[in-house]
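Peer 1: requesting a structural model of the entry that follows:
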Amino acid sequence: MHSSLNRVQAVFGFFTTVAMFVAGVAALSVLLYPADATKAQVSLKDVKLTKGRPHYYSTKKEEYAQIRFDLDADLSPLLNWNTKQLFVYVYASYASSDNENTILPNTEAIIWDKIISAPESPYSFSALSERFFPTQQKQKRTSSKKSKKESSSDVPGKLRLRGQKAKYSVGDITGKLAERSNVTLSVGWNVQPWVGALWWSPATGAVPRTAGTVLSSSAFDFPALKKKPVAKEAEKTAV
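Peer 2: Next comes the predicted model:
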């Protein structure tokens, strides 16, 4: 006869084998889910250049840009049964040097990001417990949530932003950013599944990556830094 420890080990080994098999099937099943309908387009709304300390921990003044943009994206096809959350970001790409004779790869800086959680499954533990064992407080919360959702036309994975202010300012290691040319804005995303590999947007070049259409903004230049009027400077020195 087998001991109790041997039986526990056998049951645990069988459980882990079945769990790994189900996880592998779930990860591979995403390949059968079409995600070609993803679309994203970003355009520049406004850009301002300032010289100062962009962060409270900055030790010296430097030039940094503040950008506003418009974003239209439909990433709902990426939200499937194996998606935990979706990380979306907008980044600026510009030349690493203002010297045209210097050949360097472009600098990329993230200016805005957002985490989109996948919709809750109707067969999750919380959804089932709320369905079969509802309480008055939960019913009030669900009704308020439903009313908010019904009043808004937002769909998970669809973004429509107008004049969105960037979360992060754009700077450069040299501290100089004025009149830097050939700047573009683009959209990227990262699909974080429950099981399996991370999927990236097609423009990043990382593998594996999703299909879809990503339209970057038209190229623009950072504006010149505004100089203080000479009269005001003379008045300050006179005083």
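
Peer 1: for this protein, which spans come out with low pLDDT?
Peer 2: Per-residue confidence for the chain (pLDDT under 70) gives these ranges: 1, 34-37, 97-103, 121-128, 136-154, 228-239.

Peer 1: please enumerate the helices of it.
Peer 2: 4-29, 125-132, 136-151, 230-238 (DSSP state H).

Peer 1: okay, the most centrally placed residue in the chain and residue 157: tell me how far apart.
Peer 2: Central residue of the chain (Cα atoms, centre = their mean): residue 88, 2.1 Å from the mean position. Residue 88 sits 9 Å away from residue 157, going by Cβ to Cβ, to the nearest Å. Using the backbone N, CA and C atoms, a C-beta is placed for each residue, glycine as well.

Peer 1: find residues that contact each of the two.
Peer 2: 75, 116 (Cβ atoms under 8 Å, 6 or more residues apart in numbering).

Peer 1: quick one, domains of the protein?
Peer 2: 1-32, 35-119+156-238 (automatic domain parsing).

Peer 1: was I right about the residue nearest to the centre of the chain contacting residue 79?
Peer 2: No. The criterion here is Cβ atoms under 8 Å, and residue 88 misses it with residue 79 at 11.7 Å.

Peer 1: okay, and the common contacts of these two?
Peer 2: residue 116.

Peer 1: number of residues surrounding residue 166?
Peer 2: 20 (other Cβ atoms under 10 Å).

Peer 1: need the contact list for it.
Peer 2: So residue 166 contacts 66-69, 90, 111-112 (Cβ under 8 Å, 6+ apart).

Peer 1: could you list everything the residue nearest to the centre of the chain pairs with in the sheet?
Peer 2: On the basis of DSSP bridges, residue 88 takes part in beta bridges with residue 114, residue 189.

Peer 1: burial of residue 216, as a residue count?
Peer 2: Residue 216 has 16 nearby residues by other Cβ under 10 Å.
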